[in-house]
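1. Structure for this input, please:
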Amino acid sequence: MYTVNQLQSQGLDYVELANASATAKAKICLNRGGALESLVLKSETIIEDLSPLEYKNTYASSVLFPFANRIKDGKYAYNNQEFQLDCNEGNLNNALHGLIYNKTFSVVNSDVTENGATVTLKYVEREKAVGFPYLYTIALKFTLTEANLVLEIEIENNDVSSFPFTLGWHPYFVCKDLSKSSLEFLSSKTVAFDDRMITSDVVAGKVEMPFEIKEQQLDNCYALDSGTVVFNTPSYKMTIESSAKENYFQMYTPPRANTIALEPVTGISDSFNNKLGLEELQAGASHSVNWSIAIN
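-> Prediction:
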């Protein structure tokens with residue numbers, strides 16, 4: 001039987017989903033925007049606490065909304081108005097990773113069966129943020145089974161006007177030997193960045209597979225031709241699936257051994273200005289996307 005439990009640790013609130021044998025287990029931090037802090041599938045630890053790296057620098061497993069990645073100088077225009085976001089990436093003077101990574105979510109529903117557990121978290125924005133003066137609700141539904149974790153995100157526009165947005169997710173995965181691991185995905189476009197990690201070009205050309213990680217230091221982004229990415233490691237094979245109509249894929253290797261961020265995103269760096277992947281949500285409307293992780 002699966003369980004859903006709420007707990008506290010080091011001043012933070014968590015919800016934990018698990019089966020009786022702990023061969024499937026997920027721990028989600030409510031105070032960090034619903035970030036998935038740890039994940040075990042089929043007895044394989046694939047997401048873990050990134051100590052000594054700090055969350056404020058990694059944004060580990062944070063959900064990215066209303067924009068993924070960066071907005072140059074935090075500036076953009078929408079509906080003939082100019083806006084200024086807080087530049088929380090001080091060294092590069094960019095707005096980074098949206099506005100909900102540090103919001104506190106509430107548990108609004110949970111369910112358990114013999115074969116899985118589900119929990120739904122919700123955050124309601126009741127104050128119009130500087131740079132993004134809109135009201136919205138975001139719900140995160142996590143479903144855990146023995147070999148799968150599914151994250152369903154639903155955004156509701158509670159405002160009287162439309163707003164622009166992209167969505168992303170920033171999980172870091174661990175394995176026994178990253179240098180002997182590889183990725184498989186379909187892409188015919190590579191995103192190029194300037195020295196501030198702002199999109200400078202999208203370069204056409206098929207990306208050869210498999211993508212061998214070896215000893216590379218990665219901070220790469222690709223436009224995907226399908227919503228599937230496969231991560232092959234010496235100890236497990238994992239598939240990431242996206243339901244989004246437009247998919248981009250960011251990969252990043254932090255200064256921590258055998259760790260890699262594999263990030264499904266619906267838009268890329270500076271999307272509020274270059275419009276790549278940018279969508280609009282009309283007043284009163286909702287939008288959803290599913291991302292899933294499966295051990296094969």
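2. Pairing partners for the most centrally placed residue in the chain in the sheet, please.
-> By Cα atoms, centre = their mean, the chain has its centre lying nearest to Trp169, at 0.5 Å. On the basis of DSSP bridges, Trp169 is bridged to Val63.
3. and if you look at Glu125?
-> Tyr136.
4. was I right about it contacting Leu135?
-> Yes - using Cβ atoms under 8 Å, Glu125 makes contact with Leu135 at a distance of 5.6 Å. For glycine as for every other residue, the C-beta is placed from the backbone atoms N, C-alpha and C.
5. Quickly list what's touching both of those two.
-> Asn158 (Cβ atoms under 8 Å, 6 or more residues apart in numbering).
6. Tell me the pLDDT of the residue nearest to the centre of the chain.
-> Looking at Trp169, its pLDDT stands at 98.
7. Please tell me I have it right and it contacts Pro264.
-> Yes - with contacts counted by Cβ under 8 Å, Trp169 reaches Pro264, the gap being 5.6 Å.
8. Which neighbours do these two have in common?
-> Trp291.
9. do you know how far the residue nearest to the centre of the chain is from Val63?
-> Separation of Trp169 from Val63 (Cβ to Cβ, to the nearest Å): 6 Å.
10. What residues does the closest residue to Gly277 other than its chain neighbours make contact with?
-> Ranked by Cβ to Cβ, 6 or more residues apart in numbering and with sequence neighbours excluded, the top spatial neighbour of Gly277 is Gly267, at 2.8 Å. The neighbours of Gly267, taking Cβ under 8 Å, 6+ apart as the test, are 67-69, 166-168, 246, 248, 276-279.
11. again with Ala192
-> Contacts of Ala192 (Cβ under 8 Å, 6+ apart): 199-203.
12. Can you tell me how far it is from Tyr172?
-> 24 Å.
13. repeat for Asn115
-> Counting by Cβ to Cβ, the gap from Asn115 to Tyr172 is 27 Å.
14. And the two? Which one has more around it.
-> Tyr172 (23 against 10; other Cβ atoms under 10 Å).
15. what about the nearest residue to that one once chain neighbours are set aside, which helix or strand?
-> The shortest distance from Tyr172 to any non-neighbouring residue, by Cβ to Cβ, 6+ apart, is to Ala261 (4.8 Å). Element membership for Ala261 (DSSP states H and E) is strand 259-265.
16. Please report the distance of the residue lying closest to Ser269 once chain neighbours are set aside from Phe193.
-> Leaving aside its sequence neighbours, Ser269 sits nearest to Asn69 (Cβ to Cβ, 6+ apart; 4.2 Å). Distance, Asn69 to Phe193, by Cβ to Cβ: 10 Å.
17. Count the neighbours of the residue nearest to Tyr172 for me.
-> 21.
18. my read: it touches Gln250, true?
-> Yes - with contact defined as Cβ under 8 Å, Ala261 counts as touching Gln250 (7.2 Å).
19. what are the pairing partners of the strand or helix carrying Ser110, and which direction each?
-> Using DSSP H and E, Ser110 sits within strand 106-112. Strand 106-112 has these partner strands in its sheet, going by DSSP bridges: strand 117-125 (antiparallel).
20. Buried residues of the partner strand, list them for me.
-> Across strand 117-125, burial judged by 16 or more other Cβ atoms under 10 Å covers 117-123, 125.
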